[in-house]
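Peer 1: Sequence and predicted model, in that order:
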Amino acid sequence: MSLPLRAQLLSAFDPKVLRDEFAILARDVYGRPLVYLDNAASAQKPRAVLQSMAEFAANEYANVHRGVHYLSAKATARYEAARRTVKDFVNAKHSGEIVFTKNGTEAINLVAASFLAPRLESGDEIVLTAMEHHSNIVPWHFLRERQGAVLKWVDVHDDGSLDAEAIGAAIGPRTKFVAVSHMSNVLGTIAPLKEIAALAHGRGVPVLADGCQGAVHEVVDVQDLDVDFYVLTGHKLYGPTGIGVLYGKNTHLGAMRPFNGGGEMIAEVSRGRVTYAEPPARFEAGTPPIIEAIGLAAALDWLSSQDRDAVAAHEYALLEQATQELEKLNWVRIIGNAPHKGAILSFETHGMHAHDVATILDREGVAVRAGHHCAQPLMERFGVTSTTRASFALYNTHDEVETLVVALRTARGILG
Amino acid sequence: MDDSLRELYQEVILDHSRHPRHFGALEGATHRGEGYNPLCGDRITVYLNVDLNGRIAEVSFEGRGCAISQASASLMTEMIQGRSIAEAEAVMGGFVHLVKGEDANGLTPDDRERLDVMAGVSAFPMRVKCATLAWHTMKSALEGGQSAKTE
């Protein structure tokens, strides 16, 4: 983005106005104003989301796809409208390519169990990157343990960047799948998904992108990216917990066996046989997260109503400010400096453990994450057991970044 | 600064964490336990040398961790060295109560006083596991060396 364009976008965006829509941001902790910088773990929810869920539950709620009564029809219409909202948000071709799950983790497990497991023979390979979250590692480990799959790991550079070519080079004749994070929850690195998908497809290998972080900061177009599967989670997208999304190309979904068995996912059940519904119902066994789907749609509508270029410019400006301030501290090492990265800042503090730092920051009102961030292979890659992570959302301010830096100095004063 | 922070990170604690006592592997240890905190990925190994009378003649630990876990481990080695297994376990029981902010009356007044530096942990419920890791590891070492987890 050019500098004048960025300046123009920034002047058009005022997080302070937006903050009024998040009641929780006005609260204090330990008598200090809350500075919420743990957005990559879970984002706060705007009033529009909370209200939509409460109003739906109060006025239109019933189970979906089951009753013939008025409310069931109403609720079904709202639930399916939510699916269309998600379809538009990721620019899928058809609503039938959108499967509601309970979270991003379940969506990845679904692909592992229903897409890859039946196609996999012992010795077949799954290509992963060093920057995956455990949710995009463990389901593939299951296939290693149970079916003899081989996990091939693609490393990131020292600055945290990831090359599409390195993934291309890791794909061999026995590679059956590529699973890659759209955006690292530790490094902030944004993967070159489009190139990765093109390279993999050139070798006939499908690609899953874990978009739990990426979809928050980037505008997602699954048709343009041409990934085979894309995974979202509601609660990081300013929506509720308890709902995630699997996008899958309908040629894949149509050819996949069911995941969980139960009501709603069948065509017909008798004592001797069962036939299955078409996607997406085939993968939505049991009563789905109905109220959460309404909340997710409200969150996506809300986010889409923002100027997303201006949001991206604001988040980037926060990241840049925090990066510059932390680079001045010679006892801080930032982990993840990829040229293309989102608003996540992980760092190691010399002589101070991340949990001690986070405890002191907390008492200063600053909520950050400390630990391995469910990315232990990445921690090992960078020779640390844990880091402190500040992750920014559209409602964060430059004053809050200042508070973070002051609180870090306080921690240094106590522990250093 | 917050009073509870001042108590948590008081000088004695920071001193123990910066200069841990009995740090390193123990040659010829009779017992050894591995501890792991899945929350932060920290690991600790506790070594014990229990003599024929059931007395902990020597104790040491190694590993990396936060100031609380390192200080607690260091303090533990000072507290249990020379004690019987039963005494060490009794001290541990009282310590766990103490850091959870519960009644630690099982401790002798002298032990209670020596452990008092860790009492501030009780104001930080998220950090109790850091404080107890070494102690659980010590117990698992005595029980045959299975690994201890804080969860």
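Peer 2: Received the coordinates, thanks. Residues are numbered from 1 along each chain as shown, chains lettered A, B, ... in the order given.

Peer 1: From here on, just use CA atoms for contacts and neighbour counts.
Peer 2: Noted.

Peer 1: Can you pull the residues of chain B lying near chain A?
Peer 2: By C-alpha under 8 Å from any C-alpha of the partner chain, the residues of chain B that approach chain A are B:2, B:5, B:9, B:14, B:39-42, B:65-68.

Peer 1: Buried ones among these?
Peer 2: Buried members of the residues of chain B next to chain A, scored by 16 or more other C-alpha atoms under 10 Å in any protein chain shown, are B:5, B:9, B:14, B:39-42, B:65-68.

Peer 1: And the residues you listed, which two are furthest apart?
Peer 2: B:5 and B:41 (23.3 Å; C-alpha to C-alpha).

Peer 1: Assess the claim that residue A:262 and residue A:283 are in contact.
Peer 2: No - at 9.8 Å, residue A:262 does not count as touching residue A:283 under the criterion of C-alpha atoms under 8 Å.

Peer 1: out of these two, which sits in the busier spot?
Peer 2: residue A:283 (28 against 13; other C-alpha atoms under 10 Å in any protein chain shown).

Peer 1: In what element of secondary structure is the residue of chain B found nearest chain A found?
Peer 2: Across chain B, the shortest distance to chain A (C-alpha to the nearest C-alpha) belongs to residue B:40, at 4.4 Å. Here residue B:40, judged by DSSP states H and E, is contained in no helix and no strand.

Peer 1: separation between it and residue A:150?
Peer 2: Using C-alpha to C-alpha, to the nearest Å, residue B:40 is found at 28 Å from residue A:150.

Peer 1: same thing with residue B:89?
Peer 2: Distance from residue B:89 to residue A:150, by C-alpha to C-alpha: 45 Å.

Peer 1: repeat for residue B:43
Peer 2: For residue B:43, the distance to residue A:150 - C-alpha to C-alpha - is 28 Å.

Peer 1: Repeat that for residue A:160.
Peer 2: Residue A:160 sits 24 Å away from residue A:150, going by C-alpha to C-alpha.

Peer 1: Residue A:294 falls within a helix, correct?
Peer 2: Yes - according to DSSP: H, G, I helix; E, B strand; the rest coil, residue A:294 belongs to a helix.

Peer 1: Which pLDDT value belongs to it?
Peer 2: In this model, residue A:294 is scored at 98, pLDDT.

Peer 1: Tell me which residues touch it, please.
Peer 2: Residue A:294 makes contacts with A:52-53, A:56, A:78-79, A:82, as judged by C-alpha atoms under 8 Å, 6 or more residues apart in numbering or on different chains.

Peer 1: out of the buried ones among the residues of chain B next to chain A, which are inside strands?
Peer 2: Using DSSP state E, residue B:42 are the members of those that sit in strands.

Peer 1: pLDDT for the buried ones among the residues of chain B next to chain A - can I get that in JSON lines?
Peer 2: Converted to JSON lines, these look like this (pLDDT from 0 to 100):
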{"residue": "B:5", "pLDDT": "91"}
{"residue": "B:9", "pLDDT": "95"}
{"residue": "B:14", "pLDDT": "94"}
{"residue": "B:39", "pLDDT": "79"}
{"residue": "B:40", "pLDDT": "77"}
{"residue": "B:41", "pLDDT": "77"}
{"residue": "B:42", "pLDDT": "83"}
{"residue": "B:65", "pLDDT": "91"}
{"residue": "B:66", "pLDDT": "94"}
{"residue": "B:67", "pLDDT": "95"}
{"residue": "B:68", "pLDDT": "95"}
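
Peer 1: Quick check: which element contains residue 7?
Peer 2: With no chain named, the answer covers chain A. helix A:3-11.

Peer 1: The chain in question should be chain B.
Peer 2: Applying DSSP H and E, one finds residue B:7 within helix B:3-8.

Peer 1: OK, contacts around residue A:415?
Peer 2: A:352, B:9, B:14.

Peer 1: Please spell out the segments of the chain that come in under the pLDDT threshold.
Peer 2: No chain specified, so I'll use chain A. A:1-3 (pLDDT under 70).

Peer 1: Switch to chain B, please.
Peer 2: For chain B, the ranges with pLDDT under 70 are B:1, B:145-151.

Peer 1: could you redo the last one with a cut-off of 80?
Peer 2: Chain B contains residues with pLDDT under 80 at B:1, B:39-41, B:145-151.

Peer 1: which parts of stretch B:83-98 are buried?
Peer 2: B:83-85, B:88-89, B:91-98.

Peer 1: still on that earlier bit, take the contacts of residue A:415 and lay them out in a markdown table including distance to residue A:394.
Peer 2: A markdown table is the format used below for these (distance: C-alpha to C-alpha, whole Å):
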| residue | distance to residue A:394 |
| --- | --- |
| A:352 | 29 |
| B:9 | 34 |
| B:14 | 38 |
